[in-house]
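*Asks:* Sequence and computational prediction follow.
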Amino acid sequence: MTGISPAHLEAILLHELAHIRRLDYLINLLQTIVETLLFYHPAVWWVSRQIRIERENCCDDVAMNVLGG
């Protein structure tokens, strides 16, 4: 943490706070339940992967919008 610039640290914190604000922990719980129940279906794994990628992209966008980038 000591080698990270303040701007980079702020971007990381904003990204993580976006996860909290969007209630991603609840979405993740629901996703895990669906994956557990439908573990045998390849489409469930593909859709789940896409949802995880988009959640990360959304949080990146929130952080960038706050930082003005």
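*Replies:* Nice, thanks for sending it over. The structure displayed is predicted, hence computed values, not measured ones.

*Asks:* List the buried residues of whichever strand or helix holds V44.
*Replies:* Element membership for V44 (DSSP states H and E) is helix 42-67. Judged by neighbour count (16 or more other CB atoms under 10 Å), helix 42-67 contains these buried residues: V44, R55, C59, V62, A63. All C-beta atoms are positioned from the backbone trio N, CA, C, and that covers glycine.

*Asks:* residue nearest the centroid of this structure?
*Replies:* E56 (3.4 Å; CA atoms, centre = their mean).

*Asks:* that older thread, quick one: which of the buried residues of helix 42-67 is nearest to A7?
*Replies:* A63 (11.2 Å; CB to CB).

*Asks:* Touching, the closest one and L14? I think so.
*Replies:* Yes. With contacts counted by CB atoms under 8 Å, A63 reaches L14, the gap being 3.9 Å.

*Asks:* Could I get the average pLDDT for the helix holding V44?
*Replies:* Mean pLDDT, helix 42-67: 95.

*Asks:* Now do the contacts for A18.
*Replies:* Counting by CB atoms under 8 Å, 6 or more residues apart in numbering, A18 touches C58, C59, V62, A63.

*Asks:* if you set the cut-off to 6 Å instead, what comes out?
*Replies:* A18 is in contact with C59, V62, counting by CB atoms under 6 Å, 6 or more residues apart in numbering.

*Asks:* got the phi/psi numbers for it?
*Replies:* Dihedral angles of A18 (phi, psi; degrees, to the nearest 10) stand at phi -60, psi -40.

*Asks:* Distance-wise, check it relative to D60.
*Replies:* Counting by CB to CB, to the nearest Å, the separation of A18 from D60 is 8 Å.

*Asks:* Same question for L13.
*Replies:* For L13, the distance to D60 - CB to CB - is 13 Å.

*Asks:* likewise S5?
*Replies:* Taken as CB to CB, the span from S5 to D60 is 18 Å.

*Asks:* And the helix holding V44, what does it pack against?
*Replies:* helix 6-21, helix 24-37 (3 or more CB pairs under 6 Å, 6 or more residues apart in numbering; DSSP states H and E).
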